[in-house]
Structures are given as C-alpha cells and as structure tokens.
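Let me see the structure of the following:
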Amino acid sequence: MLRRTKIVATLGPASSDPKVLEEMIRAGVDVVRMNFSHGTAQDHMARADKVRAAAAACGRSVGILADLQGPKIRVRKFENDKIILNKGDTFILDAAWDGLGNQERVGLDYKELPNDVSKGSVLLLNDGMLEFDVTEVKGAQVICKVVRGGVLSNNKGINRKGGGLTAPALTDKDKEDIQTAALIKADYLAVSFPRSGDDMKLARELMHAAGGKSLLMAKIERAEAIAVLDEVIEASDAIMVARGDLSVEVGDAAVPGLQKRMIKMARAKNKLVITATQMMESMITNPIPTRAEVSDVANAVLDGTDAVMLSAETAVGDYPVETIESMVRICTQAEKEAEDNALDHRLSHSKFTRVDQSIAMSALFAASHFKVKAIVALTQSGSTSLWMSRMNAGVPIFALTPTAATLTKVTLFSGVHPIAFKPSSKLPSVALREAEDELVRLGLVADGDMMVMTIGEAIGKSGHTNTLKIVRVGDHKN
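Next comes the predicted model:
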C-alpha cells in the first residue's frame, strides 16, 4: 500500500473476468484505463460497474481513466487483410477509394490527408514500421515511394514525420464519449492528440456541459504539442507521456529526453503525469520482463512520474496479474533509490498564493526535517494532498476524506493513499483525534510515532485547510 508510484492498467479481454480484475487490484492496480476506441456506451458503463464492484470486494479505492479515441488517421481494410510492400514500391493512399485495398492502393479513414501533405513529406505507418516518401499529390491520391517496407494490414495508423496533420483532437465520436465519461463519473478524461491548450479547454467545457467533473489529461503524442508544451500543461490537470505516436512523430531518440522534461515540467506546475507505452511489452506473451523493460520502468520512477501505465500487457496479454506484480516489484525497488526531488530548493524559491497550499508545503518541510512516520491530510477536494505529492518527503501521505469522488481521484497522486473517513464532529480537535485513532486501527501508525496532520477549521468545505499540527500518536489518550 505504501508504494509511491501508481500503476495504471488497461482493461480488455484479458482483464474482463471479475476474478482476474480482482486479482489485478489486489496485486497493485491503482487506476484502470478504459479505452474508448473499443466498445459502446453501454459497454463502458458495464465495465465501470465491474471495476467498482471489484474494488469494493478488495476493500480498495480504484480510479477510472476514460481514454478518448481521438482522430482516426488510418488506412482502411485490404482485400486479403494485409499486403507486403518492398523498398522502392509505389503505393497510393487514396482518400477517394471506397473499395478494399490491394497491392497498389488503399482507402483512408482520414480524408484530409491529401491537403496535409506535399511532395517530400515523409509518412510513417504502423507505429513507424513502414516509411513512405510522398512523390506526388494528385487530387485525392497521395502517391508514395516505399522507403522502408514490410507488412501493412487493416486499419493501421498514419503519422507524418515532424507532425503537421490537421485532424482536430476532438471528433464527433469523442464528444459523444465525453458524455459517457461524465455519466460513469470517470475520475480522469484523457484527450488524444491535443495540439494546443485550446483543445484541452474545449474538452473541459464539454465535460462540464455534460455534468461531469473528470480531471483532464493531455496525451502528449503530437510534435505540435511539444512546441506549445507549456500551454498544454497549463490547460490540463495531468499529462500522459504517450511514447508510441510521439516517438513516430519526433523520432525515437528524442523521446527519453522529452520524457524527463515533461515529468519535470508537470510536477513544477502541480500537475500529474503518467508515463506510458510498451513499458512491459514482452510480458504480453512472457511471464517475466526483459532487463531493458525493468530499467525503463525504474527510470520513469526515478524521473518522478506519478504513474506508470500498462496497455496491451493487461488488455490482451497472457499474464496480466504477473505483469502488475512485476511492476510493483520494480517500482518499489526503484523508490529506494529516489531522491527527495530538491524539496528545500523548491520551498525556498516558491511563492504561495493560497493558505491551503502554504500549509501543504509547510507539512512537507516539517516531515523532511523532523522524523515523522506519516503526513495526514484531512481533505475534502484532495487539493492539499495533490500539492504534497509534488515533492517526496520520504514518508507516506494519507488523504482522509468523506468524499467518494476524492477517494478515487487521489489514487493517481504519487505517494498519496486514500482512506475513507468521516469525523463525528466538525471540531478540528475531535476530527484529528478520530483520524489518529483510525490510522492506528488500520495498522498504519502506532503509539509513539510522530505525524504531521493538516486540517481546515471549516470542516466539510473545500480549500479551507489552514491548520498544521505535529502529534505523537497516543498522547491524546494520556
């Protein structure tokens, strides 16, 4: 329970059985990702119910991340499901072709491609496995020369090297899916392929219009988003380092440095960050990870990511539970080597504009300079624990809240552990004593342990945390 780094697992056929889902949650899943590229609104509602039932059976809070499909920039289907292209072949991507594809051409889901490219453009298909040079654009036809060949099968994606495709981040399907995400009360909404802060602002407006309160997550996977990264992060509550499409657009060698940069920027702006894509890819078919995958996950932890994410590994893999167990083991070990994220430097160079943020930072300072067992935040909205989670003080942070939505929201905050708690009184002194007793009952602290506790004098109201107290567990009984 006291692992700092959170684990996000994607649902799919391999994790649809309630028993398997329960095993995954017990193994360490904190947030489940529901991929809205697949399934109907009814399917998503049924999955959300299944997740919540499994979490309740395990006695844990588990968050839900609804991941929008985004624009479909893909080839259409082939007569025989796939073709083999060789270097030097001529191949046509035809926006006007409605038939099945063949060895000469294939249709497109994205009809604007001929307007977005010109002679000399480089197109990458199937996650960069195939590379085409555009030699001519003739009406609806994009005529290409194969630079790197291979198998091209149904519905494979298309990227333009360096970015430049103008497809809007939010499609009509996405707008409908936002309503579904609001209906199932998803904790997080991931927006695919945003190009600017305005894309995130539009998604937020649509979410609010649908009556939802999901936090907004920008998936950084377009070259254009890198150029305006600051504004995209500012317009979001969280970001995802989506290394698959991003790698295709900016080049694989650029991604590790960008990953470190994005994690650092997000944490500095008090935003959450997930690192994703192929983290444990070999475990789709193997019961143990490769040494490179172990290092990849560990380095993301050392970079300071809030969470690491599994995609196909838990959606369609043969070893979903074992993959979770491996990731828990790697994260836990890596955290032993993690630094304190320059807590003193940040505290001495930051200006706080809110009382509750000042209290949160004061709690971190006290915890890092005084031997305490835990930081305890009695919180309504979770904001205090979010600020606390941006720096590593080396002790667990317990977010005690009576609000169900806050319990599942904080599941993504690094180092924060949700506990359902409703004090019997609105008197802060009574609430703090009861919170202390609850932590003792749960076996999280014991008599004699020191704790830093924060609370608001206006109990039950968001944004009113104004009190910090250092207590020795058990003293109130004497």
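
Just give me the residue right at the centre of this structure.
What sits nearest the mean C-alpha location of the chain, by Cα atoms, centre = their mean, is residue 274, with 4.0 Å.

From residue 110, how far off is it?
According to Cβ to Cβ, to the nearest Å, residue 274 stands 26 Å off from residue 110. Yep, even glycine has a C-beta here, placed from its N, CA and C like the rest.

What residues does the closest residue in space to residue 228 that isn't next to it in sequence make contact with?
Nearest non-adjacent residue to residue 228, counting by Cβ to Cβ, 6 or more residues apart in numbering: residue 196, 5.6 Å away. By Cβ atoms under 8 Å, 6 or more residues apart in numbering, the contact list for residue 196 reads 224-225, 228, 231-232.

Buried subset of those residues as a ChimeraX selection?
The ChimeraX command for the buried members of the contacts of residue 196 (criterion: 16 or more other Cβ atoms under 10 Å) is given here:
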select :224,225,228,232
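
neighbours around residue 467, how many?
15 (other Cβ atoms under 10 Å).

Which residue, other than its chain neighbours, is closest to residue 120?
Using Cβ to Cβ, 6+ apart and skipping the chain neighbours, the partner closest in space to residue 120 is residue 134 (6.6 Å).

Please apply the same query to residue 169.
For residue 169, ignoring the flanking residues on the chain, the nearest one in space by Cβ to Cβ, 6+ apart is residue 199 at 4.1 Å.

which SSE is the one you found in?
When elements are defined using DSSP states H and E, residue 199 is found to belong to helix 197-209.

Residue 424 now?
Under the criterion of DSSP H and E, residue 424 resides outside all helices and strands.

ok, what's across the strand from the residue nearest to the centre of the chain?
Taking DSSP bridges, one obtains residue 240, residue 307 as the residues bridged to residue 274.

re the thing from before, quick one: strands adjacent to the next helix-or-strand element following the helix holding residue 199?
Downstream of helix 197-209, the next assigned helix or strand under DSSP H and E is strand 215-220. According to DSSP bridges, the neighbouring strands of strand 215-220, each with its direction, are strand 188-191 (parallel), strand 238-242 (parallel).

any chance of those in TSV, plus mean neighbour count?
Listed next are the strands paired with strand 215-220 as TSV, based on neighbours: other Cβ atoms under 10 Å:
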stretch	mean neighbour count
strand 188-191	28
strand 238-242	26
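
Output the ones you listed as JSON lines; include the columns distance to residue 429 and mean pLDDT.
Formatted as JSON lines, the entries for the strands paired with strand 215-220 read as follows, by distance: least, Cβ to Cβ, whole Å; pLDDT from 0 to 100:
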{"stretch": "strand 188-191", "distance to residue 429": "35", "mean pLDDT": "98"}
{"stretch": "strand 238-242", "distance to residue 429": "35", "mean pLDDT": "97"}
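
Could you export these as JSON lines, including distance to residue 426?
Below are the strands paired with strand 215-220 laid out as JSON lines (distance: least, Cβ to Cβ, whole Å):
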{"stretch": "strand 188-191", "distance to residue 426": "31"}
{"stretch": "strand 238-242", "distance to residue 426": "32"}
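
Nearest approach to residue 160 belongs to which of these?
Nearest of the strands paired with strand 215-220 to residue 160, taken as Cβ to Cβ: strand 238-242 at 16.5 Å.

which is the next helix or strand following the closest one?
Scanning forward in sequence from strand 238-242, with DSSP H and E defining helices and strands, the next element found is helix 243-250.

Can you tell me the number of residues neighbouring the closest residue to residue 264 other than its chain neighbours?
Nearest-residue entry for residue 264: residue 304, 7.1 Å, with adjacent residues in sequence omitted and distances by Cβ to Cβ, 6+ apart. Residues lying near residue 304 (other Cβ under 10 Å) number 22.

and if you look at the one 4 residues further on?
When counting by other Cβ under 10 Å, one arrives at 23 neighbours for residue 308.

repeat for residue 257
The tally of other residues near residue 257 (other Cβ under 10 Å) stands at 9.

That one looks like it's in a helix, true?
Yes: counting by DSSP: H, G, I helix; E, B strand; the rest coil, residue 257 is located in a helix.

Need the three-state assignment for residue 430.
For residue 430, the secondary structure call by three-state DSSP comes out as helix.

what sits against it?
423-424.

Tell me the pLDDT of it.
Reading off the confidence values, residue 430 has pLDDT 93.

same question, residue 461
The predicted local confidence for residue 461 comes out at a pLDDT of 64.

same check, this time on residue 457
Per-residue confidence at residue 457 stands at 72 (pLDDT).

Surely it is in contact with residue 468?
No: the pair residue 457 and residue 468 does not pass the contact test of Cβ atoms under 8 Å, sitting 11.9 Å apart.

More neighbours: these two, which one.
Higher neighbour count among residue 457 and residue 468: residue 468, with 17 against 12, using other Cβ under 10 Å.

quick one: residue 312 from residue 330, how far?
Following Cβ to Cβ, the distance that separates residue 312 from residue 330 is 18 Å.

Looking at those two now, which is surrounded by more residues?
Neighbours were tallied for residue 312 and for residue 330 using other Cβ under 10 Å; the higher tally belongs to residue 330 (23 against 16).

number of nearby residues for residue 167?
For residue 167, the neighbour count with other Cβ under 10 Å is 18.

got the contact list for it?
71, 73, 110, 112, 193.

cutoff 7 Å now
Contacts here follow Cβ atoms under 7 Å, 6 or more residues apart in numbering; on that basis residue 167 touches 71, 73, 110, 112.

Can you say which of those residues are buried?
With neighbours counted using 16+ other Cβ under 10 Å, the contacts of residue 167 contain these buried positions: 71, 73, 110.

Residue 270: which of these is nearest?
Residue 270 lies nearest to residue 71 out of those, by Cβ to Cβ, at 29.7 Å.

Assumed the closest one was part of a strand.
No: the assignment for residue 71 is coil, going by three-state DSSP, so no strand is present there.

So it is in contact with residue 173, correct?
No: applying Cβ atoms under 7 Å as the test, residue 71 and residue 173 come out as separate, 9.5 Å apart.

Verify the contact between residue 314 and residue 7 for me.
No: in this structure, residue 314 sits apart from residue 7 without contact. The criterion is Cβ under 7 Å, and the distance is 9.6 Å.

So for the two, which residue has more residues nearby?
Between residue 314 and residue 7, residue 314 has the larger neighbour count (other Cβ under 10 Å), namely 31 against 25.

counting contacts, what elements does the strand or helix carrying the more buried one pack onto?
Under DSSP H and E, the secondary-structure element containing residue 314 is helix 312-315. Based on contacts counted as 3 or more Cβ pairs under 7 Å, 6 or more residues apart in numbering; DSSP states H and E, the elements that helix 312-315 packs against are strand 6-10, helix 320-335.

how far is the helix holding residue 199 from where the chain is centred?
Relative to its parent chain, helix 197-209 has a centroid offset of 18 Å by Cα atoms, centre = their mean, to the nearest Å.

Please shift the residue numbers so they start at 44 in all later answers.
Got it, first residue is 44 now, which makes that one helix 240-252.
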